[in-house]
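K.L.:
next come a sequence and a model predicted from it.
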Amino acid sequence: MPTSTLSSTDPDWPIRQAAFQQLAELTRLHGALLPWDVLTQGFTFRGELLYFATKAEGIFRPRQMRGGALSIKTTVPRRGRIPRYEDLASDDGAFFYRFKGGDPGNHSNQLLARAKDLQAPLIYFYGVEPGMYRPIWPAYISRFDARTLTCEVMADESMSLEPPGTALHDATADRIRRGYITVQAKKRIHQEAFRLHVLHAYEHRCAICRLPRPELLQAAHILPDRDERGVPAVPNGLALCHLHHGAFDADLLGISPNGRIELSRELRDTRDGPTLEHALKAFDGQPIQKPVRPDQWPREAFLEERYARFLRRAA
Ligand SMILES: [Zn+2]
């Protein structure tokens, strides 16, 4: 049974639609993570260029709009600081977005309140590293908390988008669906951020063979699921090419706690063509190439636990 209806109508529906369409096109062209330079291209609505967001404002509504915010944005600080992903660490089916300043009544924060009242779909630009954003849309402000100066943001699926005034919404069903979708979105952002950080740390090269093609590189977990949530931790990762990632995961190749590559006896005893000889056996006993920064090196305790598994399975 529908338990609530839209209290009033979003006056900006056509503009939001245009923004979402362009965003879909941009992610199709560039992938799920968008550089700021791409976002600044904006979108067109009735022949006019509008922006998705501005550098200065976390909460943004183009002047052509009259209702709630079009987008909200979190940024990752420039070098030297470790980005925090507090939201990703929580099991909640929601993101928590901090108000601008300490006054819930200021102009920016009121754009959040308005978006909540209208249940207007907006875009959450989630910063995964400096100048890189993961757009989440449609997103909804589900709670506006003047006491903690935060609002709760939930992601939904684009299939749920309906023109205002046409649909009765079941608030409970909406909340359950959005909670689920939000948790999935958090997991994806976590994986994307993990890959990005690990590949950067290893300068976009395989830690074993130094292959320098990002298209062929993956971020391998040393201990699976150890950091499924929370900070995407580079010390639990290794940049590996597809071949070496596969061999590592199948325990055909191990890495000792001090960072030496070791092949399973099975592989060592096999005689075969050039791939086995040059791409695998040649690295037996060699050290892995670690990141430049010691705080990004694989953690010894993680390697040790993983190596014990390798020894058990490769025996
Ligand atoms: Zn490799």
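P.N.:
Now that the structure is in, tell me what you want to look at.

K.L.:
switch to C-alpha atoms for all contacts and neighbour counts from now on
P.N.:
Noted.

K.L.:
chain center to stretch 99-118: distance?
P.N.:
25 Å (C-alpha atoms, centre = their mean, to the nearest Å).

K.L.:
only C-alpha atoms, please: export that stretch in PDB.
P.N.:
Extracted C-alpha coordinates of stretch 99-118, given in PDB (Å, rounded to 0.1, in the frame of the first residue of the first chain):
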ATOM      1  CA  PHE A  99      26.200  20.500   5.900                       C
ATOM      2  CA  LYS A 100      28.000  23.500   4.700                       C
ATOM      3  CA  GLY A 101      29.000  25.500   7.800                       C
ATOM      4  CA  GLY A 102      27.200  25.300  11.100                       C
ATOM      5  CA  ASP A 103      23.900  27.000  10.100                       C
ATOM      6  CA  PRO A 104      21.200  24.500   8.800                       C
ATOM      7  CA  GLY A 105      19.300  27.500   7.600                       C
ATOM      8  CA  ASN A 106      22.000  28.900   5.200                       C
ATOM      9  CA  HIS A 107      21.300  29.000   1.500                       C
ATOM     10  CA  SER A 108      23.300  25.900   0.600                       C
ATOM     11  CA  ASN A 109      21.900  23.700   3.400                       C
ATOM     12  CA  GLN A 110      18.400  24.900   2.500                       C
ATOM     13  CA  LEU A 111      19.000  23.500  -1.000                       C
ATOM     14  CA  LEU A 112      19.400  20.100   0.700                       C
ATOM     15  CA  ALA A 113      16.200  20.600   2.800                       C
ATOM     16  CA  ARG A 114      14.300  21.500  -0.300                       C
ATOM     17  CA  ALA A 115      15.600  18.500  -2.200                       C
ATOM     18  CA  LYS A 116      14.400  16.300   0.600                       C
ATOM     19  CA  ASP A 117      10.900  17.900   0.800                       C
ATOM     20  CA  LEU A 118      10.500  17.600  -2.900                       C
END
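
K.L.:
show me what counts as buried in it.
P.N.:
Neighbour counts over stretch 99-118 (16 or more other C-alpha atoms under 10 Å) mark 99-100, 104, 108-118 as buried.

K.L.:
likewise stretch 122-140?
P.N.:
The neighbour-count criterion (16+ other C-alpha under 10 Å) identifies 122-129, 131-140 as the buried residues of stretch 122-140.

K.L.:
got the buried residues of stretch 99-118 as JSON lines, with distance to the ion and secondary structure columns?
P.N.:
Output for the buried residues of stretch 99-118, formatted as JSON lines (distance: C-alpha to the ion, whole Å; DSSP: H, G, I helix; E, B strand; the rest coil):
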{"residue": "F99", "distance to the ion": "45", "secondary structure": "coil"}
{"residue": "K100", "distance to the ion": "46", "secondary structure": "coil"}
{"residue": "P104", "distance to the ion": "52", "secondary structure": "coil"}
{"residue": "S108", "distance to the ion": "48", "secondary structure": "helix"}
{"residue": "N109", "distance to the ion": "49", "secondary structure": "helix"}
{"residue": "Q110", "distance to the ion": "52", "secondary structure": "helix"}
{"residue": "L111", "distance to the ion": "49", "secondary structure": "helix"}
{"residue": "L112", "distance to the ion": "47", "secondary structure": "helix"}
{"residue": "A113", "distance to the ion": "50", "secondary structure": "helix"}
{"residue": "R114", "distance to the ion": "51", "secondary structure": "helix"}
{"residue": "A115", "distance to the ion": "48", "secondary structure": "helix"}
{"residue": "K116", "distance to the ion": "49", "secondary structure": "helix"}
{"residue": "D117", "distance to the ion": "52", "secondary structure": "helix"}
{"residue": "L118", "distance to the ion": "52", "secondary structure": "helix"}
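
K.L.:
ok, which pair from the residues you listed is furthest apart?
P.N.:
Of all pairs drawn from the buried residues of stretch 99-118, the greatest distance, 20.1 Å, lies between K100 and L118 (C-alpha to C-alpha).

K.L.:
give me the neighbour count for E277.
P.N.:
Neighbour count for E277, taken as other C-alpha atoms under 10 Å: 15.

K.L.:
for it, which three-state class applies?
P.N.:
At E277 the chain is in helix, as set by DSSP: H, G, I helix; E, B strand; the rest coil.
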